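Undergrad: no FASTA, just this:
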Ligand code: 5GP
Ligand code: ZN
């Protein structure tokens, strides 16, 4: 199995999972843009939004549930939802994924979406999202 995210679904590669249902899993992005940056992916392989017209609807409940988790557990004030489809759009991993990027009023505003926060403690974020 060569697809990185299929290997995460199969448990062959570790990921900090924060949500799962029959159709999707959600896990922390290894290189977060803001604290709690999470990827929601379908369990079954499809390359991107254009590749399979039914995939987005299948993972929509997971996106909604994960968005609620991020706002409730991390105190996010809002979030960005983004999916890159195709290399020309900046896609690097060719298994459909939606970026859920929590945003915080307390952090300086008007940042570029791609500016990364330094020193995000992924284990602490993961603990907050999964404990209790
Ligand atoms: P894309 O540019 O394809 O929309 O985004 C791919 C995302 O996957 C990037 O934000 C990148 O940080 C994330 N990513 C790449 N490899 C891994 C990995 O092995 N584990 C996790 N958790 N995220 C990954
Ligand atoms: Zn895959």
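TA: That came through fine. Because the structure is predicted, anything quoted here is derived from the model rather than measured. Residues are numbered from 1 along each chain as shown. Ligands and ions are numbered 1, 2, ... in the order given.
Undergrad: close to ligand 1, is stretch 64-79?
TA: No: contact of stretch 64-79 with ligand 1 (Cβ under 6 Å from any ligand atom) is absent, the minimum separation being 13.8 Å. C-betas here are computed from N, CA, C, even on glycine.
Undergrad: Work out the gap between that stretch and the centre of the chain.
TA: 12 Å (Cα atoms, centre = their mean, to the nearest Å).
Undergrad: buried ones in it?
TA: 65, 66, 67, 69, 70, 71, 73, 74, 76, 79 (16 or more other Cβ atoms under 10 Å).
Undergrad: Can you list the neighbours in contact with it?
TA: With contacts defined as Cβ atoms under 8 Å, 6 or more residues apart in numbering, stretch 64-79 is touched by 18-19, 21, 26, 35-36, 38, 40, 81, 100-105, 125, 128-129.
Undergrad: hmm, try it at 6 Å
TA: Here stretch 64-79 makes contact (Cβ atoms under 6 Å, 6 or more residues apart in numbering) with 19, 26, 36, 38, 40, 100-105, 128-129.
Undergrad: which of those lies closest to residue 52?
TA: Distance to residue 52, by Cβ to Cβ, is smallest for residue 40 among these, at 15.0 Å.
Undergrad: And ligand 2, is the longest helix that the chain contains touching that?
TA: Longest helix in the chain, counting residues (DSSP state H): helix 55-74. No: Helix 55-74 lies out of reach of ligand 2 by Cβ under 5 Å from the ion, never closer than 11.3 Å.
Undergrad: Residue numbers of the protein in contact with ligand 2?
TA: So the chain meets ligand 2 at 3, 5, 6, 45, 95 (Cβ under 5 Å from the ion).
Undergrad: Wait, the fourth one touches residue 5, no?
TA: What it means is residue 45. No: using Cβ atoms under 6 Å, residue 45 is not in contact with residue 5; the gap is 7.9 Å.
Undergrad: Residue 29: what's it in contact with?
TA: 37, 39 are the contacts of residue 29 under Cβ under 6 Å, 6+ apart.
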